[in-house]
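Visitor: here is a sequence with its predicted model. Questions after.
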2 protein chains.
Amino acid sequence: MELTEEIIGKLKHSLATGIPAVARTGIEVLELDRGYVKMRMPFEPNINHVQIMYAGSLFTLAELPGGAIFATSFDSTRFYPIVRDMSIRFRRPAKTDVTVEVRLDEKEAAEIAARAERDGKADYEWECQLKDTTGEVVAITKNIYQLRRIGS
Amino acid sequence: MELTEEIIGKLKHSLATGIPAVARTGIEVLELDRGYVKMRMPFEPNINHVQIMYAGSLFTLAELPGGAIFATSFDSTRFYPIVRDMSIRFRRPAKTDVTVEVRLDEKEAAEIAARAERDGKADYEWECQLKDTTGEVVAITKNIYQLRRIGS
C-alpha cells in the first residue's frame, strides 16, 4: 500500500478516534509514516486525584502505537494483530503532556510477515519510553504483539 | 478507621469517579470491605474497533483495585501508595462485562505498613484475574505497588 498524504491523514484520525475509550483520552497522532509513529497524551484530561497523569492513560499511550505500526507495516487484507502481553514500569510522576515514538524497521516487518504467512502467527515485540515535555522518561514499557494470518 | 456503611459508600463513589479518566470508563465498585474489593468494567462503553473490550479498559480494571485496597487497609494519614510496575497478559478476547476481585490479608497489610513505617517505603504485590460473565479468565495481571511513609 502506498502511504499517500490522504491515507496518512485518515489513519491518524482513525487511530485517535476509532476506539471510543481511546478517543476519550484526547490522544493525538503527531506523526505517522511507514513503520513509524509519534503520539501525544495530553495532560489535562488525564490528571488523576493527586495531580499527575493517570496510569491507565500512560498505558493507552504505550499500547496504541501497536495499531499504528500494524497499519503502516503490514497488509491488513492478509493479517490482523493482537496484543498479547504488556508490562509497564512507572519511573516518575508525569506532570505534563507525554509523548511516545515507536519504529519498526521495514526489514524486520517483512520477516515478521513471512513468519506469520508460514506459521499462521508470529510474535513481535518492542520496548518504548514515555517522555514528558522536559525529555524525562516517566515510564518504560515492553509490548508483545502477535500478527495472525487471516483465516488461519 | 472503622469502615461504616457510610464510609464504604463514599469510598465506592470516589474510587469510581475521583479520576476523570476512570469515571469515563463507567467502572463500578460492586463490593468493598477491609482488604477486599470487587469491581466491574461494563462492556458497551469500552468496546474497541473489533468489538471486544479495549486493552486499556482491562488495564484500568486491573489497576484500580490498588486504590481500593490502599483505602481500606492502610492509614492514609501516615502513608500513600504508588503503582510501580504492572504486567498484563491478554488470554482471550473479552466480549462481555468483566470483573475483578482482589483481597489483601489483614496480617499481610500490617506487615507492609510496619516495613513502610521502618524504612520509609515498602513494596507489595499481587496477581489478579479478570473474568468475563461466563467465568472465563480474559487477562491475568501482576501488580507491584509501593507504600510510602508521608514525609519520608
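Guide: Alright, I've got the coordinates.

Visitor: so which bits of chain A are right by chain B?
Guide: Counting by CB under 8 Å from any CB of the partner chain, the residues of chain A close to chain B are A:18-22, A:24-25, A:45-50, A:54-57, A:59-60, A:63, A:80, A:82-90. Placement of C-beta: from N, CA and C, glycine included.

Visitor: filter those residues down to just the ones in strands.
Guide: Among the residues of chain A next to chain B, the members found in strands (DSSP state E) are A:80, A:82, A:83, A:84, A:85, A:86, A:87, A:88, A:89, A:90.

Visitor: which residues sit in contact with the closest residue to chain B within chain A?
Guide: Residue of chain A nearest chain B, by CB to the nearest CB: residue A:87 (3.7 Å). Residue A:87 is in contact with A:141, A:142, B:85, B:86, B:87, B:88, counting by CB atoms under 8 Å, 6 or more residues apart in numbering or on different chains.

Visitor: circling back: and the ones in strands among the residues of chain A next to chain B, which are buried?
Guide: Those of those that meet the buried threshold are A:82, A:83, A:84, A:85, A:86, A:87, A:88, A:90, by 16 or more other CB atoms under 10 Å in any protein chain shown.

Visitor: format those as a markdown table; extra columns: pLDDT.
Guide: Shown next, in a markdown table, are these (pLDDT from 0 to 100):
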| residue | pLDDT |
| --- | --- |
| A:82 | 93 |
| A:83 | 95 |
| A:84 | 97 |
| A:85 | 98 |
| A:86 | 98 |
| A:87 | 98 |
| A:88 | 98 |
| A:90 | 98 |
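
Visitor: from residue B:98, how far out is the closest residue to residue A:126 other than its chain neighbours?
Guide: Setting aside the residues directly before and after it, residue A:126 is nearest to residue A:143 in space (CB to CB, 6 or more residues apart in numbering or on different chains), at 5.8 Å. Note on residue A:143: its distance to residue B:98, by CB to CB, to the nearest Å, is 21 Å.

Visitor: comparing the two, which residue is more hemmed in?
Guide: The neighbour count for residue A:143 versus residue B:98, taken as other CB atoms under 10 Å in any protein chain shown, is higher for residue B:98 (26 against 21).
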